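Novice: Based on what follows, work out the 3D shape:
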Amino acid sequence: MFYCMNRQKTWRFIGVLSAAALLLVAGLWAKPDTNLQNAITVSNHEWGLSFQEENQPPVPNLSAEELAPYDAYYYYPQQGQKKLYLTFDAGYENGNMPAILDALKKHNAPAAFFVVGPYIKENPDLVKRMAEEGHVVGNHTWHHPNMTKKSQQEFEQELKQVEEIYQQTVGSPMKKFYRPPEGKFSDENLSWAKSLGYKTVFWSLAYVDWNVDAQPSKEKAFEKLLPRTHDGAVVLLHSTSSTNAQIMDELLTKWEEMGYSFASVEELGS
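Specialist: Numbers count the residues shown, from 1 in each chain. Model prediction:
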């Protein structure tokens, strides 16, 4: 009996040791990869807006106060002034940019063009024209990835590659304005951008213009944009939109008739 009891205890003891060993091994295998841990944070966001009142600023999922410590902006009202900040995302060129630039030039309206690296490489003359005509050429990363999945080193590389090809193409340094691809970002991303000297630019006015296979009519575009226009709006439009190219002159005229003027994103935070 004594032997049996000891044997049972022995096997229990061995079982405990085995379980502990398995847990230890599992723990070692489950240990987070350092690079992955740096790349993925629990504070990820996707920029979103809720338009609630006509010609009033929308309600964002992060407030201006939450963004301010990172030099990040989505709208910028100034007392007694009705200003709009025009921005365009340019992932590729499909023939609409010249008409957009012509309209902006006609109205003396500065804009910011957030371009990816290949856009600069493939369209150097258009990028040079943007710079020559007083527009900001902003950084939209090289590959247009989900930046919340990037380590700090990868994040910085995405931006620096664009800076380098811009410098080679235009002959002057790129101005430090950044827009996260797809509006996806983390608190760390904002901090990393700021450490590189960038202001992050979101938006407070946009509409569904990016689907080149289902472009809105002129009437639909005005129906969406004009009631949402508000003081200090950062306007997001896509340069790939044929509708935007067709309506740009008339749209700028309508905004001017509403009492708005156009200002550069370089004023943000000034």
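Novice: Only C-alpha atoms from now on, for both contacts and neighbour counts.
Specialist: OK.
Novice: For the residue nearest the centre of the chain, list the residues it contacts.
Specialist: Most central in the chain under CA atoms, centre = their mean is Pro180, positioned 2.2 Å from the mean C-alpha point. Taking CA atoms under 8 Å, 6 or more residues apart in numbering, we find Pro180 in contact with 140-141, 147, 200, 202.
Novice: repeat that for 10 Å
Specialist: 46-47, 114, 139-141, 144-148, 186, 189-190, 193, 200-202 (CA atoms under 10 Å, 6 or more residues apart in numbering).
Novice: Now, of those, which are buried?
Specialist: Neighbour counting over those (16 or more other CA atoms under 10 Å) leaves 47, 114, 139-141, 145, 147-148, 186, 189-190, 193, 200-202 as the buried ones.
Novice: Tell me which stretches of the stretch 101-250 of the chain form helices.
Specialist: 117-122, 124-132, 152-170, 187-195, 218-228, 242-257 (DSSP state H, counting those that start in this stretch).
Novice: quick one: Tyr260 and Leu251 touch, right?
Specialist: No. Between Tyr260 and Leu251 there is no contact under CA atoms under 10 Å: 11.4 Å.
Novice: Kindly list the main-chain dihedrals of the residue nearest to the centre of the chain?
Specialist: phi -70, psi 130 (degrees, to the nearest 10).
Novice: Can you give me the distance of it to Trp192?
Specialist: Distance check for Pro180 against Trp192: by CA to CA, to the nearest Å, it reads 12 Å.
Novice: what is in contact with the two at once?
Specialist: Ser186.
Novice: of the helices of the stretch 101-250 of the chain, which approaches Glu66 most closely?
Specialist: helix 187-195 (10.0 Å; CA to CA).
Novice: Could I have the CA atoms of that closest one written out in PDB?
Specialist: Output of helix 187-195 as PDB, limited to C-alpha atoms (Å, rounded to 0.1, in the frame of the first residue of the first chain):
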ATOM      1  CA  ASP A 187      -1.100  56.800 -32.000                       C
ATOM      2  CA  GLU A 188       2.400  55.600 -32.600                       C
ATOM      3  CA  ASN A 189       2.200  56.500 -36.300                       C
ATOM      4  CA  LEU A 190       1.200  60.000 -35.400                       C
ATOM      5  CA  SER A 191       4.100  60.200 -32.900                       C
ATOM      6  CA  TRP A 192       6.600  58.800 -35.500                       C
ATOM      7  CA  ALA A 193       5.400  61.300 -38.100                       C
ATOM      8  CA  LYS A 194       5.800  64.200 -35.800                       C
ATOM      9  CA  SER A 195       9.300  63.000 -34.800                       C
END
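Novice: Just the residues contacting it, thanks.
Specialist: 38-45, 67, 69-72, 147-153, 155-156, 159, 176-180, 186, 197-200.
Novice: what does stretch 60-72 give?
Specialist: 45-51, 73-76, 177-179, 187-195, 197-204, 268-269.
Novice: Kindly report the same for stretch 242-250.
Specialist: 94-107, 209-210, 212, 215-222, 237-239, 251, 253-254, 256.
Novice: Do me a favour and average the pLDDT over that stretch.
Specialist: Computed over stretch 242-250, the mean pLDDT rounds to 98.
Novice: And for stretch 75-86?
Specialist: 94.
Novice: Between the two ends of that stretch, how far is it?
Specialist: 11 Å.
Novice: Next, the buried residues of that stretch.
Specialist: 75-77, 82-86.
Novice: which outside residues touch that stretch?
Specialist: 57-58, 64, 74, 104, 109-113, 135, 201-205, 229-237, 255-256, 258-270.
Novice: one more time with 8 Å, if that's ok
Specialist: With CA under 8 Å, 6+ apart, stretch 75-86 has contacts from 64, 110-112, 202-204, 230-237, 259-265, 268-269.
Novice: What of stretch 261-270?
Specialist: By CA under 8 Å, 6+ apart, the list of residues contacting stretch 261-270 reads 71, 73, 76, 82-86, 109-112, 135-136, 255.
Novice: Can you pull out the low-pLDDT segments for the stretch 101-250 of the chain?
Specialist: Counting by pLDDT under 70, the stretch 101-250 of the chain contains no low-confidence range.
Novice: Give me the longest strand you can find in this protein.
Specialist: strand 83-90 (DSSP state E).
Novice: and the angle from it to helix 242-257?
Specialist: 170 degrees (axes from the mean of the first three to the mean of the last three CA atoms, to 10 degrees).
Novice: Nice, that's everything, thank you.
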